[in-house]
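Q: Pasting a predicted model and its sequence here:
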Amino acid sequence: MKNAIVLVVGYLMFGASVPAQERQLRGSGHLLGETAEQFYSEGNLGNVFRACESGDWKTASRLLKNEHPASKTNAKDFCAAQEAARQSATRGARVEYKGSGDVEAMREDTFTLDGGHLVRIDMVYSAPIAQFEGYHPKSFGELFAGLEEAYGAPTKIYTEPVLNAYGVKYEAHRAIWMGKEDVISITEQPGEDGWTEIVATTLAEYDRAQKAPKTANPLH
């Protein structure tokens with residue numbers, strides 16, 4: 001069996017570099033390219049659904065707190081909303097789902113389904129300058145080093161001038177790893193309220209995004 005390096009939402013599982021066509025990209029138990037039915041039936045989200053379907057609202061509420069710790073939505077309303085989303089996604093509609101992320105790492109996750117499959121896994125790591133007890137944010141350098149260790153040198157690496165929320169100019173780093181069927185990118189927004197975004201997409205989703213209208217960079 002061919003070895004595969006797996007990109008795991010929440011942390012990166014590193015190992016020896018492998019050819020891009022052999023890698024699998026997985027986040028929170030979800031595999032890039034999996035069907036919408038698989039997405040909504042696996043992991044903690046699938047457990048919430050099964051508890052709701054059985055009418056075990058106590059278990060559903062507990063599991064929902066694991067999936068969305070800050071959410072005040074009750075389990076019945078959550079399941080009703082997500083059941084509608086699941087039906088839409090299964091029919092091929094474009095649907096986004098906000099995952100549980102990682103509070104300690106200050107990371108937010110978003111999954112995008114389109115055409116009945118998971119086409120995008122998006123992780124945004126906040127990188128505040130101030131340190132907060134109990135939080136362990138990851139820097140762009142840490143995340144980039146992990147990706148490079150796992151996937152080798154990026155296909156493309158460059159910097160781009162950007163402005164932060166206060167109008168201060170920075171040089172932001174960018175890198176892309178192109179695969180046969182998928183693309184991984186890492187984007188830095190430096191500064192006081194900075195962040196780093198790692199995105200794994202199918203090749204078709206990457207091509208779609210490239211054709212979409214771009215927001216103008218005021219420094220260009």
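A: Arrived safely, thanks for sending.
Q: next SSE after the strand ranked longest in the chain?
A: Of all the segments of type strand in the chain, defined by DSSP state E, the longest one is strand 117-128. Next helix or strand after strand 117-128 toward the C-terminus (DSSP states H and E): helix 140-151.
Q: To what extent is the residue nearest to Asp109 when sequence neighbours are not counted buried, counted in neighbours?
A: Here the nearest residue to Asp109 in space, its sequence neighbours aside, is Gly99; by Cβ to Cβ, 6 or more residues apart in numbering that works out to 3.5 Å. Where you see a C-beta, it was placed from the backbone N, CA and C, and this is true even at glycine. Counted with other Cβ atoms under 10 Å, the burial measure for Gly99 works out to 24 neighbours.
Q: ok, now Glu53?
A: Taking other Cβ under 10 Å as the neighbour definition, Glu53 ends up with a count of 11.
Q: residues contacting it?
A: Contact criterion Cβ atoms under 8 Å, 6 or more residues apart in numbering gives no residues in contact with Glu53.
Q: just the one 10 residues further on next, same as before
A: Residues near Leu63 by Cβ under 8 Å, 6+ apart: Asn44, Asn47, Val48, Ala51.
Q: where does it fall, phi/psi-wise?
A: In terms of degrees, to the nearest 10, the main-chain angles of Leu63 are phi -70, psi -40.
Q: Could you save the contacts of Leu63 as CSV and add columns showing neighbour count and secondary structure?
A: Compiled in CSV, those are given as follows (neighbours: other Cβ atoms under 10 Å; DSSP: H, G, I helix; E, B strand; the rest coil):
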residue, neighbour count, secondary structure
Asn44, 16, helix
Asn47, 18, helix
Val48, 25, helix
Ala51, 20, helix
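Q: Relative to the strand or helix carrying Ile176, what are the paired strands and their orientations?
A: Using DSSP H and E, Ile176 falls within strand 169-178. Its sheet considered, strand 169-178 pairs with strand 156-163 (antiparallel), strand 182-189 (antiparallel) by DSSP bridges.
Q: What's the mean pLDDT across stretch 195-210?
A: Averaged over stretch 195-210, pLDDT sits at 92.
Q: backbone phi and psi for the residue nearest to Asp109, please?
A: Taking degrees, to the nearest 10, you get phi -80, psi -180 for the backbone angles of Gly99.
Q: and the nearest residue to Leu203 once chain neighbours are set aside, how far is that from Glu149?
A: Beyond its immediate neighbours in the sequence, the residue positioned closest to Leu203 (Cβ to Cβ, 6+ apart) is Glu181, lying 5.5 Å away. For Glu181, the distance to Glu149 (Cβ to Cβ, to the nearest Å) stands at 21 Å.
Q: Does the residue nearest to Asp109 touch Leu118 like I think?
A: No: counting by Cβ atoms under 8 Å, no contact exists between Gly99 and Leu118, whose distance comes to 11.4 Å.
Q: which residues are in contact with both of these two?
A: Residues within reach of Gly99 and of Leu118 at once, by Cβ under 8 Å, 6+ apart, are Phe111.
Q: any chance of the contacts of Leu63 in JSON lines, with distance to Leu163 and pLDDT too?
A: Putting these into JSON lines (distance: Cβ to Cβ, whole Å; pLDDT from 0 to 100) gives the following:
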{"residue": "Asn44", "distance to Leu163": "38", "pLDDT": "83"}
{"residue": "Asn47", "distance to Leu163": "43", "pLDDT": "89"}
{"residue": "Val48", "distance to Leu163": "40", "pLDDT": "89"}
{"residue": "Ala51", "distance to Leu163": "46", "pLDDT": "91"}
